[in-house]
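Participant: Provided below for reference: sequence and predicted model.
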Amino acid sequence: MTLSLNPLDGLAATGRFTLALCRGAGGATLFALEGVHQLFRRPFHLRAFLRALMDIGYASLPVVALTAIFTGMVLALQASTGLSRFSAGSAIPNLVVLSVTRELGPVLAALMVSGRAGAAIAAEIGTMRVTDQIDALTTLATNPMRYLVAPRLLAGLIALPLLVVIADILGVLGGFIVGTLKLGFDAATYLTNTINFLHTDDVVSGLVKAAVFGFVIALMGCYNGYRSRGGAQGVGSATTAAVVSASVLILALDYGLTEMFFTK
Amino acid sequence: MSAQNGSVPKIRVRGLKKAFGSKIVLDGIDLDIAPRTSMVVIGGSGTGKSVLLKCILGLIEPDSGLIEIDGTNVLTAPRREAARLRARIGMLFQNGALFDSLPVWENVCFGLLAENRITRAAARRKATEVLAQVGLGPEVITLSPAELSGGMQKRVALARAIAAEPDIMFFDEPTTGLDPIMGAVIDELIVDCVKKLGSTALAITHDMASAQRIGDRAAMLYQGRIAWEGPAEDLLTTAQPLVHQFTHGLAEGPIQMTLRR
């Protein structure tokens, strides 16, 4: 058997990939616009919104809290080994609070929520799609975008900043625990350094990032679930696509937002 | 194929076409359903029965043709008017399509609650009443669909379809997956509900016994067109070769199954 490699095959594959990417991006954008549009149409499904808020926010709290506290602890420990080489160990509280509020709090919380709630949204809506439940909504005079998508987009937008506030506090607490118990910091000094160094912008930028990430997680979950086809395998693929696309978008948007906030 | 009693058909379909890519599913369907009659559409798997139903419901957009409900073409009517007409259709899905996340009573009254036509307290009472009509007691109203047997799920789905008292009802394979006795019970409930509400019904099925129990008239879909239409009681006796082969389950005949060996 001989393998013939045609150089045009690579070009064709690149073209197909690019077209698929553009189609996906266009589809997701139109889907997002329709979802946002439905937020302003009546009736607003309050119960569906509150349920989504609980699923995305409250149910993700344990995993986000654990991630934040351990991240703060590791950060303090790593900072001590790095900064002590330059005799700058006193900057540990500053480094921990800045890293957590600006970057690690929003990004890690979003990645955790994407893996938990984003996957759950895609699986639920995907299952509804392949079992005709979305068609059933339509026959019951209910707009599926208004009932399923709009409440989740709003819930993602609100839940993530709330989770990140908690993640910020717990991340700093993690650093504080390691700083005072292991690295010999005085508790009052550690807290004073943290508070004095922290600016409102640091927290606000993190919360804005969180809101954007929350919207993206809900959007990718809804979009991939809504488009799923073909039974259990289709729902599985939709769930994977929701988590992967949300995670990549979170990291890409994080760079864009950091550039926007902190580059003069 | 005009409405059988000469009046304006409740549902009138003309030249309905739908293709998915190169596969032509509906190739010019003409069908009339007179008010307060039950039409059963039979046909092999993949002949487009569900697509026909979904086109009328507005879940799939046909490529061309006309669909009239009470004389109004829903394909060209303003969006709101088409939605209003279609909102009068109750639908029983093949697998029930009950909402897993909601208890039985919210499933039954979902349409009424979504349109704010009823309070939640009144919805619970209404659900109990409607469930009684399909032979289910008040003990099931707080259960989730996953806690019900297949037959009970079908009854709850039927209750949901009739809760808003629609004047048109669609049934997609109502007895699929049920044992013969439960199938007969569901058919009896369907006939009972349709008669009580004075609705017009359109059912699609593979089950000949069910087709004869539910339908006043029957039609057979073959190669995207209505190949035969007549009284449902003639289904098993007609000499029309396609219907004869299909209703008697004969391997030999004009319908050729493509099998890859």
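Facilitator: The structure has been received and is ready for your questions. Residues are numbered from 1 along each chain as shown, chains lettered A, B, ... in the order given.
Participant: contacting residues around residue 227?
Facilitator: I'll assume chain A. A:27, A:129, A:238 (CB atoms under 8 Å, 6 or more residues apart in numbering or on different chains). Every C-beta, even on glycine, is put in place using the N, C-alpha and C of the backbone.
Participant: chain B, not that one
Facilitator: B:220-221, B:240, B:242-243.
Participant: let's see it at 6 Å
Facilitator: Taking CB atoms under 6 Å, 6 or more residues apart in numbering or on different chains, we find B:Ala227 in contact with B:220, B:242.
Participant: ok, it to chain A distance?
Facilitator: Distance of B:Ala227 to chain A, given as CB to the nearest CB, to the nearest Å: 27 Å.
Participant: helix or strand: which one has that residue?
Facilitator: In this assignment (DSSP states H and E), B:Ala227 forms part of strand B:225-231.
Participant: in that strand, what's buried?
Facilitator: For strand B:225-231, the neighbour count (16 or more other CB atoms under 10 Å in any protein chain shown) marks B:226-229 as buried.
Participant: mind putting those in TSV, pLDDT included?
Facilitator: Output for the buried residues of strand B:225-231, formatted as TSV (pLDDT from 0 to 100):
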residue	pLDDT
B:Ile226	94
B:Ala227	92
B:Trp228	93
B:Glu229	94
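Participant: can you tell me how far B:Met39 sits from chain A?
Facilitator: B:Met39 is 18 Å from chain A, where distance means CB to the nearest CB.
Participant: quick one: residues contacting the residue nearest to that residue when sequence neighbours are not counted.
Facilitator: When the adjacent residues along the chain are set aside, B:Met39 lies closest to B:Ile33, with 4.6 Å between them (CB to CB, 6 or more residues apart in numbering or on different chains). Taking CB under 6 Å, 6+ apart as the criterion, B:Ile33 is in contact with B:9-11, B:39, B:200, B:202.
Participant: give me the residue from the stretch 101-250 of chain B nearest chain A.
Facilitator: Nearest residue of the stretch 101-250 of chain B to chain A (CB to the nearest CB) works out as B:Gly111 at 3.8 Å.
Participant: skipping its backbone neighbours, what lies nearest that residue in space?
Facilitator: A:Leu140 is the one closest to B:Gly111 (CB to CB, 6+ apart), at 3.8 Å.
Participant: give the burial count for the one you found, as a bare number.
Facilitator: 24 (other CB atoms under 10 Å in any protein chain shown).
Participant: pop out the phi and psi values for it.
Facilitator: Dihedral pair for A:Leu140: phi -100, psi 30, per degrees, to the nearest 10.
Participant: surely it meets B:Leu112?
Facilitator: No - counting by CB atoms under 6 Å, B:Leu112 is not a contact partner of A:Leu140; they are 8.9 Å apart.
Participant: start and end of stretch A:139-153, how far apart?
Facilitator: 23 Å (CA to CA, to the nearest Å).
Participant: which residue lies nearest the spatial centre of chain A?
Facilitator: A:Ala110 (2.7 Å; CA atoms, centre = their mean).
Participant: any idea how far B:Leu92 is from A:Met220?
Facilitator: A:Met220 sits at a distance of 33 Å from B:Leu92 (criterion: CB to CB, to the nearest Å).
Participant: more crowded one of these two?
Facilitator: A:Met220 (30 against 26).
Participant: returning to what we had before: in the sheet, who's paired with the residue nearest to B:Met39?
Facilitator: Beta bridges link B:Ile33 to B:Ile11, judged by DSSP bridges.
Participant: want to throw the contacts of B:Ile33 into JSON lines with pLDDT?
Facilitator: Compiled in JSON lines, those are given as follows (pLDDT from 0 to 100):
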{"residue": "B:Pro9", "pLDDT": "91"}
{"residue": "B:Lys10", "pLDDT": "93"}
{"residue": "B:Ile11", "pLDDT": "95"}
{"residue": "B:Met39", "pLDDT": "95"}
{"residue": "B:Thr200", "pLDDT": "93"}
{"residue": "B:Leu202", "pLDDT": "95"}
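Participant: tell me the contacts of B:Ser64?
Facilitator: By CB under 6 Å, 6+ apart, the contact set of B:Ser64 is B:Lys17.
Participant: right, I mislabeled it, should have said A:Ala48
Facilitator: Shown in contact with A:Ala48 (CB under 6 Å, 6+ apart): A:147, A:151.
Participant: how much space between it and A:Ala155?
Facilitator: Counting by CB to CB, the gap from A:Ala48 to A:Ala155 is 9 Å.
Participant: and if you look at A:Leu30?
Facilitator: For A:Leu30, the distance to A:Ala155 - CB to CB - is 21 Å.
Participant: what of B:Leu85?
Facilitator: Distance, B:Leu85 to A:Ala155, by CB to CB: 34 Å.
Participant: repeat for A:Ile92
Facilitator: A:Ile92 is 36 Å from A:Ala155, by CB to CB.
Participant: kindly report the same for B:Leu158.
Facilitator: For B:Leu158, the distance to A:Ala155 - CB to CB - is 33 Å.
Participant: again, but for B:Ala161
Facilitator: 30 Å.
Participant: comparing these two, which residue is more hemmed in?
Facilitator: For B:Ala161 versus A:Ala155, neighbours defined as other CB under 10 Å are more numerous around B:Ala161 (28 against 25).
Participant: which residues touch the more buried one?
Facilitator: B:90-92.
Participant: same thing with A:Met220?
Facilitator: A:242, A:245-246.
Participant: now the chain, which segments are flagged as low pLDDT?
Facilitator: The chain I'm using is chain A. A:1-4, A:264 (pLDDT under 70).
Participant: the chain in question should be chain B.
Facilitator: Looking at chain B by pLDDT under 70, you get B:1-6, B:257-261.
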